[in-house]
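*Asks:* sequence plus predicted model, see below.
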Amino acid sequence: MVIANGHAAVEERTIPELGALHAQVQQLQAQVDALRAQAPENRLSMVVFSGDLDRVLAAFVIASGAAASGMETSMFFTFWGLTALRRRRESKGKTLLQKLMGWMTPVGSRGLGVSKMNFGGVGAKMLRAMMRQQGAPQIEEMMQLTRDLGVRIVACQMSMDVMGIRQDELIEGVEVGGVATFLGDATKSKTTLFI
């Protein structure tokens, strides 16, 4: 039906065009949703491999900064990095090599040396003194801050087994997990660091 002013002809033609346009919008929305699902989340995942005071401190500074800015943050401690998480040394029930490894590696953050110019522990003492002079927080304070901010701290199960470290030797609040645990976090993260 065509009306003299042409409105009916316009309506008949516009309805199918609107249907096609609506279908295109739905298709584009589905593509946007698929891209969003693949996009990394506001997360930071970090491997802490080093057992050096300055590097472990940097890891905790970065982790606390990320968590404070709203990023979901996880730290995966492996091999030498595990020494920062130890609260005590236990020899009972371990093999000779595990006992030796336990005695040769530091216990906790207070036993860590610096990566350069350590000179039998003097470098670590100097760094701590310089930080106190500048009013900078010590590593122990940064470790507590990260836990207070909800940073996920995971100890590598394989490294613990190899080095003879048991979960009861670690500080409170540390999860134990494997590579799959780290990868589960890292694959969803905007940023992944290895320290």
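*Replies:* Arrived safely, thanks for sending. Numbering: from 1, shown residues only.
*Asks:* strands along the protein, start to end?
*Replies:* Counting by DSSP state E, the chain has these strands, from start to end: 41-48, 72-77, 152-156, 175-177, 189-194.
*Asks:* run through who's touching stretch 82-96.
*Replies:* Contact partners of stretch 82-96, identified using CB atoms under 8 Å, 6 or more residues apart in numbering, comprise 48, 51, 56, 77, 99, 102-103, 105-109, 111-112, 139, 143, 153, 155-156, 159-160, 163-166, 168-171, 174. All C-beta spots, glycine's among them, are computed from the backbone N, C-alpha and C.
*Asks:* please list the members of those residues that lie in helices.
*Replies:* Of the positions in the contacts of stretch 82-96, 56, 99, 102-103, 139, 143, 159-160, 163 sit in helices, assigned by DSSP state H.
*Asks:* mind putting these into a markdown table with neighbour count?
*Replies:* Output for the ones in helices among the contacts of stretch 82-96, formatted as a markdown table (neighbours: other CB atoms under 10 Å):
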| residue | neighbour count |
| --- | --- |
| Val56 | 26 |
| Lys99 | 16 |
| Gly102 | 19 |
| Trp103 | 10 |
| Ile139 | 24 |
| Met143 | 25 |
| Ser159 | 18 |
| Met160 | 20 |
| Met163 | 20 |
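*Asks:* how about the strands of the chain in a markdown table, adding mean neighbour count?
*Replies:* Below are the strands of the chain laid out as a markdown table (neighbours: other CB under 10 Å):
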| stretch | mean neighbour count |
| --- | --- |
| strand 41-48 | 21 |
| strand 72-77 | 26 |
| strand 152-156 | 23 |
| strand 175-177 | 15 |
| strand 189-194 | 16 |
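*Asks:* could you redo those as TSV and give each row distance to Ile62 and mean pLDDT?
*Replies:* Listed next are those as TSV, based on distance: least, CB to CB, whole Å; pLDDT from 0 to 100:
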stretch	distance to Ile62	mean pLDDT
strand 41-48	7	96
strand 72-77	9	98
strand 152-156	14	98
strand 175-177	19	97
strand 189-194	7	95
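*Asks:* how about these in CSV, adding distance to Arg89?
*Replies:* Below are the strands of the chain laid out as CSV (distance: least, CB to CB, whole Å):
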stretch, distance to Arg89
strand 41-48, 20
strand 72-77, 17
strand 152-156, 16
strand 175-177, 18
strand 189-194, 27
